[in-house]
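*Asks:* dropping the sequence and predicted coords here.
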Amino acid sequence: MSIYNPPAGWFKAPAGAERLWVGLALGWCIIMSLAMPYWHFYGKQNPTGEAYRVSVADFGTRVREFVDASTVGEDSGVPVVEIPPGGDGYLMARMWAFYPVIKMKKGQTYRLHISSADLQHGFSLQPLNMNFQVLPGYDHVLTITPTSTGIFPIICNEFCGIGHHTMTGRIIVE
Amino acid sequence: MASAVEGLPISGNHAANEVRSCDTTSLPVCLAAQQFIRMHAVVAVVFLLIGGIAAILLALTRWPAVHLLDAQWYYRLLTLHGLNMLIFWILNFEIAVLYFAGTVLLNTRLASKKTAWAAFLLMVIGAIMVDVTIFRGKSDVLMTSYVPLQAAPPFYLGIILLAVGTLIGVINFFATVYIAKRDRTYEGSVPLVVFGAIAAAIIAVVTLLHGAVVMIPTFLWSAGILSTAPDPAWYRITWWGLGHMSQQVNVCAMVSVWYLLGTLTVGSKPLNQAVCRGAFVLYILFINLASAHHILVDPAVGPAWKIWNTSYAMYLAVLASMIHGFTVPASIEVAMRKKGFNRGLFGWLAGAPWSNPGFSGFFLSLVIFGFGGGITGVVLGTQQINIMAHNTLRIPGHFHVTVVGGTTLAFMALTYYVVPLIFQRDFYAKTLCRIQPFIFGGGITLFALGMSFAGSYGVPRRHWDVEFTGGQFATGFDPGAHVMLGVMGIGGTIAFVGLLLYCLLVVAAVFFGRKIAGEPMEAWNEEPRSAIEGGVSGEEVDDHRTPGTLVLVTVFLSAFAVYYFANWMWLADVWEVR
């Protein structure tokens, strides 16, 4: 019984169905363990966590230069900025908006830099449901290739104060 | 009263008048331990009720058709809910479990009453300090309090006091196990339930040390003594050493309670003690890997770190849970078949004492934890799949079936024995007691299903408004997400009814119930009494035939594999990202 001291000689190998199950479970665990490195080499969705330390001021400067150089329009009062294919785009998360609107082309690969001006934020791309963490002081680089077109909302999914649920942004893919 | 323990093969180390023999099980109950078990259990239920009232208000807010609270109160009560449920309720109950396992099952006295007082007072003062600070405002930082979000200093100080108090309680437990060994109050190895409790306590020490490392500098920063906030990336990794590992303490304590309730309700015995204990050792060695699950889409941490820490090469903690997932129902099957419930594959399960809330709560907890929490936990914690899950409602959808449908329900089930055996009071309204686990377990399962599916549509956790009213861009979700949030609201309401019923039944019994000291507890059903009484022998089960359990775990493994590979397929459809 579980609440009494076991008799001497309790240390023995499992037998029967229990042994079979331990073997099956271990086999399944090994399959799952191999799946992650497998996907790392053969799958297409493998965030590397590439990041650089950056001050809020420096990242703000990069965003401003990016907006000045590549703005192609305006959406709801926010500049729409197109990243040159293969180039670098900058997205600032702050209480409570993402700035600016990013424009990309389907099938091209971009380096999208995301950082925060204040608190921790969440970059959640809808309706694809792709989610990444955004931290102040870190330039988080996503090397990203859109495979579908349309207007994709970005929502914040890390609590960032009383206006958290109004924090949105937009990515446009043509 | 020293004669009370004469029936046992060897004598305990209790002083006279500090022990009684249990009227039901004949186990020696240390009266000091009994006092602290009672105190921690009462406090636990009070915090469960506070967290539960917050829970229903939150569920009714996230149900878009109701949307009850305003934004400020939503975030404030969300902070309150997480801390009261995950920390205050569960830790107090766990300290009670440790004191029980350390003393009663080892036939020893509690090592130190003064230490137990210190632990109790620090835990209560810390928890009250946190709750008061939350209600005073300026600490709407949610349970994780991610820097540079800042709460008022007493918020962090309360958590530190609570952690220190818990650590002192855990040390008192280790001291109790030590004096039992020193005074030779038991023969041979410790019982399995004590072994599991020791495993939980070891993980708790590591957990609480992480808490100290992360909370002390954060408190000093909040109090203005340190000028800069801790680094946010460092904070996240270290905080989750506290945050997720404390949930592993819960898993370990819950599994011990499963074994305990299996014995109390149907007289089950572990098939193979070495396998069960080996699985607990795997928990100690490997379970902290889950702390990495919160960092999988974070910047500054590379894929090698993430893959290694997600699996520690081989998912050996998952293996441990899968082993318990077999050994627990298998021990029930063997015990029931021995009683003659031998018909077909599942005659043992159909004949189980489902009218005993100690059994139904425990077995529902096992099923909900395994099928709901276990499968989703491993899948969401897969490095790449986490892209589609991080900070969505899929995450609370997972942990509401681990820590609520699993741990909390198991603890509720145990309460149906704690009240008559430790408080020595009889329950009122036993029919309500019998259905309470079904209401709570059913409600929380529906709730978590709604949450998980809403999360699959992208609905974020910890978010007041799925319409994003006032945002710079119009945004919303698929109508299916709204349906799922409604399912969540309905499930949450049902679960709250179950929780409230539990609190009322326990409070009524503990404070106003008929005193039953001196008489054995009225059995919840016909079977368990004989099972408990006949149990002193430690003979092992030789018959390993458990065909019903084998079918159950095969269904489980199939469901696991389908959900796992389906998620990889969904992942292949999202944008390419490196």
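*Replies:* That came through fine. Numbers count the residues shown, from 1 in each chain, chains lettered A, B, ... in the order given.
*Asks:* list the contacts for B:Arg76?
*Replies:* Residues in contact with B:Arg76 (CB atoms under 8 Å, 6 or more residues apart in numbering or on different chains) are B:Ile134, B:Phe135, B:Gly137, B:Asp140. In this view, the C-beta of every residue, glycine as well, is placed from N, C-alpha and C.
*Asks:* which of the helices or strands spans it?
*Replies:* helix B:71-82 (DSSP states H and E).
*Asks:* same for chain A: which of the contacts of B:Arg76 are within range?
*Replies:* With the criterion set as CB under 8 Å from any CB of the partner chain, the members of those near chain A are B:Asp140.
*Asks:* between the contacts of B:Arg76, which is nearest chain A?
*Replies:* Using CB to the nearest CB, B:Asp140 is the member of the contacts of B:Arg76 that lies nearest chain A, at 7.3 Å.
*Asks:* checking that closest one next. Helix, strand or coil?
*Replies:* Assigned with DSSP: H, G, I helix; E, B strand; the rest coil, B:Asp140 falls in the coil class.
*Asks:* next: the one 5 residues further on.
*Replies:* Using three-state DSSP as the criterion, the local structure at B:Ser145 reads coil.
*Asks:* how about it: what's its closest non-neighbour residue?
*Replies:* The shortest distance from B:Ser145 to any non-neighbouring residue, by CB to CB, 6 or more residues apart in numbering or on different chains, is to B:Ala151 (5.6 Å).
*Asks:* ok, back up a step: can you put the contacts of B:Arg76 in CSV and add neighbour count, secondary structure and pLDDT?
*Replies:* Converted to CSV, those look like this (neighbours: other CB atoms under 10 Å in any protein chain shown; DSSP: H, G, I helix; E, B strand; the rest coil; pLDDT from 0 to 100):
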residue, neighbour count, secondary structure, pLDDT
B:Ile134, 26, helix, 97
B:Phe135, 11, helix, 97
B:Gly137, 10, coil, 93
B:Asp140, 22, coil, 96
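*Asks:* farthest-separated two in the contacts of B:Arg76?
*Replies:* The distance between the two most remote of the contacts of B:Arg76 (CB to CB) is 10.7 Å, for B:Phe135 and B:Asp140.
*Asks:* anything in stretch B:367-383 near chain A?
*Replies:* Yes - counting by CB under 8 Å from any CB, contacts between stretch B:367-383 and chain A involve B:Val378, B:Thr382, B:Gln383.
*Asks:* OK, contacts around the residue nearest to the spatial centre of chain A?
*Replies:* Centroid check for chain A by CA atoms, centre = their mean gives A:Phe132 as the closest residue, at 2.2 Å. Contact partners of A:Phe132, counting by CB under 8 Å, 6+ apart, are A:Pro47, A:Ile114, A:Gly122, A:Phe123, A:His140, A:Leu142, B:Val297, B:Pro299, B:Ile387, B:His390.
*Asks:* hmm, 10 Å instead?
*Replies:* Residues near A:Phe132 by CB atoms under 10 Å, 6 or more residues apart in numbering or on different chains: A:47, A:49, A:112, A:114, A:121-125, A:140, A:142, A:144, A:157, B:296-299, B:387, B:390-391, B:577.
*Asks:* tell me which of those residues fall in strands.
*Replies:* The strands, defined by DSSP state E, take in A:Leu112, A:Ile114, A:His121, A:Gly122, A:Phe123, A:Ser124, A:Leu125, A:His140, A:Leu142, A:Ile144, B:Val577 from the contacts of A:Phe132.
*Asks:* restricted to buried residues, select the residues you listed in PyMOL.
*Replies:* To isolate the buried members of the ones in strands among the contacts of A:Phe132 in PyMOL, using 16 or more other CB atoms under 10 Å in any protein chain shown:
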select buried, (chain A and resi 112+114+121+122+123+124+125+140+142+144) or (chain B and resi 577)
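*Asks:* could I get the ones in strands among the contacts of A:Phe132 in TSV, plus columns for distance to B:Ser558 and pLDDT?
*Replies:* Listed next are the ones in strands among the contacts of A:Phe132 as TSV, based on distance: CB to CB, whole Å; pLDDT from 0 to 100:
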residue	distance to B:Ser558	pLDDT
A:Leu112	39	98
A:Ile114	40	98
A:His121	39	98
A:Gly122	34	97
A:Phe123	35	98
A:Ser124	32	97
A:Leu125	32	97
A:His140	38	97
A:Leu142	35	97
A:Ile144	35	97
B:Val577	31	96
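*Asks:* list just the nearest of the ones in strands among the contacts of A:Phe132 to B:Ala55.
*Replies:* A:Gly122 (23.1 Å).
*Asks:* state the distance from the closest one to B:Ala330.
*Replies:* Using CB to CB, to the nearest Å, A:Gly122 is found at 42 Å from B:Ala330.
*Asks:* B:Ala151 versus B:Gly158, what's the distance?
*Replies:* On the measure of CB to CB, B:Gly158 and B:Ala151 end up 10 Å apart.
*Asks:* just the buried members of the residues of stretch B:367-383 next to chain A?
*Replies:* Looks like those have B:Val378, B:Thr382, B:Gln383 buried, using 16+ other CB under 10 Å.
*Asks:* for the residues you listed, which one is nearest B:Pro396?
*Replies:* Closest to B:Pro396, out of all of these and judged by CB to CB, is B:Val378, at 16.7 Å.
*Asks:* which non-adjacent residue is nearest B:Asp298?
*Replies:* A:Gln133 (4.5 Å).
*Asks:* helix/strand/coil for the one you found?
*Replies:* strand.
*Asks:* great, nothing more from me.
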